[in-house]
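K.L.:
this is the structure alone, sequence omitted:
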C-alpha cells in the first residue's frame, strides 16, 4: 500500500468513525434490537452480485455484505445507495 493510499484510508476512517464488519446473521441480530432501524443498502456487481448493508447502533456503524439479499422486516427504513465504500 502506498503512503497516499494509507493516508486516504486514515482520513476516511476519521471522517466516518468506527465501522464494525459483522456477519449477516449478527447484522440481523443488531437490527432486532431496534424498533425502527435505518439501513443503507447497495448492490455491487462484478463477477457476482453482492449486497451491502450499513446501520448504526449505540454510536457504532455496523456493516455486512452478503451474496443473497437480507430479508428485512417491514419496520426497517431502507435508504438505497448507489454504492457503499468501506475504508481498508
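P.N.:
Yes, it's here. Computed from a predicted structure; not experimentally measured.
K.L.:
bridging residues for residue 21?
P.N.:
Counting by DSSP bridges, residue 21 forms beta bridges with residue 63.
K.L.:
can you count the residues close to it?
P.N.:
13 (other C-beta atoms under 10 Å). All C-beta atoms are positioned from the backbone trio N, CA, C, and that covers glycine.
K.L.:
before we move on, what about residue 56?
P.N.:
15.
K.L.:
am I right that it falls within a strand?
P.N.:
Yes - assessed by DSSP: H, G, I helix; E, B strand; the rest coil, residue 56 belongs to a strand.
K.L.:
quick check, pLDDT for it.
P.N.:
Per-residue confidence (pLDDT) for residue 56: 91.
K.L.:
surely it meets residue 40?
P.N.:
No - if you go by C-beta atoms under 8 Å, residue 56 and residue 40 don't touch, sitting 9.5 Å apart.
K.L.:
can you map out the strands along this protein?
P.N.:
Along the chain, the stretches classed as strands by DSSP state E are 19-21, 38-45, 49-57, 60-66, 77-80.
K.L.:
and the ones you listed as a markdown table, adding distance to residue 32?
P.N.:
Shown next, in a markdown table, are those (distance: least, C-beta to C-beta, whole Å):
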| stretch | distance to residue 32 |
| --- | --- |
| strand 19-21 | 16 |
| strand 38-45 | 12 |
| strand 49-57 | 11 |
| strand 60-66 | 12 |
| strand 77-80 | 15 |
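K.L.:
lowest average confidence across those, which one?
P.N.:
strand 19-21 (a mean of 89).
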